[in-house]
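give the three-dimensional model of this entry:
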Amino acid sequence: MGGARNDPGDDRRADAEVFNRFASIVRDRLAALADSPQQNSPDGGSVIDRLYKSPEFDAEKRVLNELNGLGLRQGVLAAAGCFAFLRISPRMISNYLRR
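Below you'll find the model as predicted:
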């Protein structure tokens, strides 16, 4: 109701901070993995796969999923709107010109 709203600039700064943290973690981990002689574990999975499944990356995965979900939702809505407009508009224009 009468609560304070978050400033969009604050949200963007927070998202940028999470992204920068994620990028630095990935850069550091990949650099360490590139320097290590053994890149694959004995069970057939790679070290990167095991690290990505670890709970350390949960916040980063959540932010990336939110960003991807937002773009996907908007893209689907835009595609559905364009499809509907392109299907209906020729009929509406021809009916208007016939009058």
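
contacts and neighbour counts: CA atoms only from here.
Fine.

tell me the mean pLDDT over the helix ranked longest in the chain?
Longest helix of the chain, by residue count under DSSP state H: helix 58-98. The pLDDT scores in helix 58-98 average 86.

show me what that helix packs onto, helices and strands only.
Using 3 or more Cα pairs under 8 Å, 6 or more residues apart in numbering; DSSP states H and E, the elements in contact with helix 58-98 are helix 8-35.

what angle do the helix it packs on and helix 58-98 make?
120 degrees (axes from the mean of the first three to the mean of the last three Cα atoms, to 10 degrees).

pull the number of nearby residues for residue 18.
16 (other Cα atoms under 10 Å).

what of residue 52?
When counting by other Cα under 10 Å, one arrives at 13 neighbours for residue 52.

now do residue 77
Residue 77, neighbours per other Cα under 10 Å, totals 12.

and the gap between it and residue 83?
10 Å (Cα to Cα, to the nearest Å).

swap in residue 74?
As judged by Cα to Cα, residue 74 and residue 83 stand 14 Å apart.

same check on residue 46?
For residue 46, the distance to residue 83 - Cα to Cα - is 43 Å.

list the contacts of residue 97.
By Cα atoms under 8 Å, 6 or more residues apart in numbering, residue 97 lies in contact with nothing.

kindly apply the preceding question to residue 57 instead.
Counting by Cα under 8 Å, 6+ apart, residue 57 touches residue 22.
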